[in-house]
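Visitor: The following comprises the amino acid sequence and a computationally predicted model.
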Amino acid sequence: MAVSMSSSPSSGRLSIPTKLFYGFGSVAFGVKDQGFSYLLLIFYNQVVGLPSATVGLAIMIALIFDSFLDPLMGQISDGWRSRWGRRHPFMYAAAIPVAVSYLLLWNPPQGWSDQAIFLYLIVVAVIIRSFITMYEIPSSALAPELTTDYDERTKVLAYRHFFGWFGGLAMTVLALRVFLAPDAAHPVGQLNPAGYQTYAYVASAVMLGAILISAMGTHRHIARFSTPAKRKLSVGELAREMIGTLSHKSFLVLVGAGLFNAMASGLVLSLNLYFNTYFWELSSNQIALLATGNFVSAILAFMLAAPLAKRVGKKSAAQATKVLAFLIAVGPISLRLVGLAPENGAPALLPILFVQTVFSTAFSITSAILISSMIADVVEDSELRTGRRSEGLFFSASAFVQKAVSGVGIFASSMILLAVGFPQQAKPGEIDHPVLVCLGAVYLIVLAALYGAAILCVSLYRITREGHEESLRRLAAKARRTGGKGPEYA
């Protein structure tokens, strides 16, 4: 059966407005992701009062549900036929539900038991993740449809990661500097419950706007995207197609790399506020200052990703930046554990933490951009083997990996807090020193294991620039033989 291809992705450069509209949509995911990773654990643990392990378990349950929904959403959008193409109907449909469900997440009912709040958190987390999936997977899958060029894809995905980080960070800094303000009853601003409610309303509105602006801004490109032929598949045939597509070896190692990378990033983000509040004893304003350093990180990553990929290749660049991210990330805590870091409150401490934050995050973002671009290059290699363009299915795995930042990362963080005996509703400066030392040591060991596993997986990726260009030539030759209708498959 032939796949109808109404047109093909651009093989050249895209306009700046197209990249901006495409990238801006990731603000929604960035706001959600930063909220889950940076604020959700401490909110439900220290403000609402749920045990850290309970919060982590709730997020993990939602993540398991997501793991089944993601590939299904990818497969559905790959085969969707409408006058608005394969992706945009889902992007538009998700906008309002994403905003409403995120608002509910930060406004749990008052007076409920721990068990009831636990169930509430699971249900709302599943809902917000489901609608983010409905938007993020089709939106991400636009990248390989917009261009087939090896280097242009890295640039396009650099825009996406830049806006995702920038939007999420802006909302986090706004929360720390404006919404989570200390008052008489809550001298530590990040423990002020009223601030989280204000944050929820503003964040939900921003997510709604980002989704609609991106969808409308890329709408004009629908006419040149691929259109699948009408097909009727049984559940068994659909499952076999999905397994056949996702069994691509280079894709599988990227999934592994992305998963370990996401867990490492999630661990850093989820425990970051704990370290800053209790380990370093920083004020909310000082923490906000560190968070602003991530704006610089996002800019550096945006500038580094494409030139590095062009100079040394995506694979080598991804490995090198991941190694640098790890070495810089563990520096200050390692120094404190061996007694070489400045004391809390010392003038030199904040500048050291600021520089560490900027560069470790910059290299981590750069690595993530490169891995996303490598996933985009799997599309054509897979199309040669299967006869199907499966951007949505491949990027569904990418979306799942990114969500693991706030799922597995939060769960691992909660388990570390439980293992070291970290107290609930603790006050800075009143935690036993051995508990803090144990927290730092366990954190470094787990982080090293995750980063090492990610680097090992990337080393097994096999698609090069030359291999990608050869795939494009072979696909073009097949299209000419079939009269421009694209590949065929049984």
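Guide: Great, that's in hand.
Visitor: worst-scoring helix or strand of the protein, pLDDT-wise?
Guide: When each helix and strand of the chain is scored by mean pLDDT, DSSP states H and E, helix 235-246 comes last, with a mean of 67.
Visitor: distance of residue 288 from residue 195?
Guide: 12 Å (Cβ to Cβ, to the nearest Å). For glycine as for every other residue, the C-beta is placed from the backbone atoms N, C-alpha and C.
Visitor: So these two - more neighbours on which side?
Guide: Neighbour count, other Cβ atoms under 10 Å: between residue 288 and residue 195, residue 195 has more, with 24 against 21.
Visitor: what does stretch 99-112 contact?
Guide: Here stretch 99-112 makes contact (Cβ atoms under 8 Å, 6 or more residues apart in numbering) with 31-32, 35, 40, 43-44, 48, 116-117, 120-121, 124-125, 127-128, 131, 196-197, 199-201, 203-205, 207-208.
Visitor: Could I have the buried ones of these as PyMOL selection syntax?
Guide: Buried residues within those, by 16 or more other Cβ atoms under 10 Å, are selected in PyMOL with:
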select buried, resi 31+32+35+40+43+44+48+117+120+121+124+125+127+128+131+196+199+200+203+204+207+208
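Visitor: what's stretch 201-208 in contact with?
Guide: For stretch 201-208, the external contacting residues (Cβ under 8 Å, 6+ apart) are 27-28, 31-32, 35, 95-96, 98-100, 102-103, 167, 171, 174, 179.
Visitor: Mind checking what secondary structure residue 110 has?
Guide: coil (DSSP: H, G, I helix; E, B strand; the rest coil).
Visitor: average pLDDT across the helix or strand just after the least confident helix or strand of the chain?
Guide: Sequence-wise, the next helix or strand downstream of helix 235-246 (DSSP states H and E) is helix 249-274. Averaged across helix 249-274, pLDDT comes to 81.
Visitor: Flag every buried residue along helix 249-274.
Guide: Residues 250-274 are the ones in helix 249-274 that count as buried (16+ other Cβ under 10 Å).
Visitor: do stretch 307-319 as well
Guide: Buried residues in stretch 307-319, defined by neighbour count with 16+ other Cβ under 10 Å: 308-309, 313-315, 317-319.
Visitor: Then stretch 353-368?
Guide: 353-354, 356-368.
Visitor: Which member of those is positioned nearest residue 478?
Guide: Using Cβ to Cβ, residue 368 comes nearest to residue 478 of the buried residues of stretch 353-368, at 32.6 Å.
Visitor: and the closest residue to that closest one other than its chain neighbours, how many residues sit next to it?
Guide: If the residues on either side of it in the chain are set aside, residue 368 comes closest to residue 161, at 6.1 Å by Cβ to Cβ, 6 or more residues apart in numbering. Neighbour count of residue 161, defined by other Cβ under 10 Å: 24.
Visitor: List the contacts of residue 161.
Guide: Per Cβ under 8 Å, 6+ apart, neighbours of residue 161: 26, 298, 301-302, 305, 365, 368-369, 372.
Visitor: These in strands, which ones?
Guide: Residues of the contacts of residue 161 located in strands (DSSP state E): none.
Visitor: Sort out for me which of those are in helices.
Guide: Those of the contacts of residue 161 mapping onto helices are 26, 298, 301-302, 305, 365, 368-369, 372, per DSSP state H.
Visitor: Send me the helix or strand hosting residue 324 as PDB with only the CA atoms.
Guide: In the assignment (DSSP H and E), residue 324 maps to helix 314-329. The C-alpha trace of helix 314-329 is given here as PDB (Å, rounded to 0.1, in the frame of the first residue of the first chain):
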ATOM      1  CA  LYS A 314      26.400  15.300  16.700                       C
ATOM      2  CA  LYS A 315      27.500  12.200  18.500                       C
ATOM      3  CA  SER A 316      30.900  13.400  19.600                       C
ATOM      4  CA  ALA A 317      29.500  16.800  20.600                       C
ATOM      5  CA  ALA A 318      26.800  15.200  22.700                       C
ATOM      6  CA  GLN A 319      29.300  13.000  24.600                       C
ATOM      7  CA  ALA A 320      31.800  15.800  25.200                       C
ATOM      8  CA  THR A 321      29.100  18.200  26.500                       C
ATOM      9  CA  LYS A 322      27.600  15.600  28.800                       C
ATOM     10  CA  VAL A 323      31.100  14.900  30.400                       C
ATOM     11  CA  LEU A 324      31.600  18.600  31.000                       C
ATOM     12  CA  ALA A 325      28.100  19.100  32.400                       C
ATOM     13  CA  PHE A 326      28.800  16.400  35.000                       C
ATOM     14  CA  LEU A 327      32.300  17.500  36.000                       C
ATOM     15  CA  ILE A 328      31.100  21.100  36.600                       C
ATOM     16  CA  ALA A 329      27.800  20.100  38.300                       C
END
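Visitor: What average pLDDT does that helix get?
Guide: 92.
Visitor: continuing past it, what's the next helix or strand?
Guide: Following helix 314-329 in sequence, per DSSP H and E, is helix 331-337.
Visitor: Contacts for that next one, please.
Guide: Residues outside helix 331-337 that contact it (Cβ under 8 Å, 6+ apart): 275, 279, 341, 352-353, 356, 437, 440-441, 443-444.
Visitor: Check which residues of that helix are buried.
Guide: 331-333, 336.
Visitor: pLDDT weak spots in the stretch 1-150 of the chain?
Guide: Residues of the stretch 1-150 of the chain meeting the criterion pLDDT under 70: 1-12.
Visitor: Would you confirm that residue 374 contacts residue 463?
Guide: Yes - using Cβ atoms under 8 Å, residue 374 is in contact with residue 463, at 6.9 Å.
Visitor: Between those two, which contacts overlap?
Guide: Counting by Cβ under 8 Å, 6+ apart, the contacts common to residue 374 and residue 463 are residue 250.
Visitor: So the two - more neighbours on which side?
Guide: Between residue 374 and residue 463, counted using other Cβ under 10 Å, residue 374 has the larger neighbour count: 27 against 22.
Visitor: quick one: pLDDT of the more buried one?
Guide: Model confidence at residue 374, expressed as pLDDT, equals 88.
Visitor: Just to be sure, it is in a strand?
Guide: No - counting by three-state DSSP, residue 374 is not part of a strand but helix.
Visitor: how about the helices in the stretch 351-490 of the chain?
Guide: 391-403, 408-419, 433-458, 465-481 (DSSP state H, counting those that start in this stretch).
Visitor: deepest of these, which one?
Guide: Comparing the helices of the stretch 351-490 of the chain by mean neighbour count (mean count of other Cβ atoms under 10 Å), helix 391-403 ranks first with a mean of 27.
Visitor: Would you mind checking the average pLDDT for it?
Guide: Averaged across helix 391-403, pLDDT comes to 69.
Visitor: so after the helix or strand where residue 104 lies, what's the next helix or strand?
Guide: Using DSSP H and E, residue 104 sits within helix 88-105. Proceeding N to C from helix 88-105, the next assigned helix or strand is helix 114-140, under DSSP H and E.
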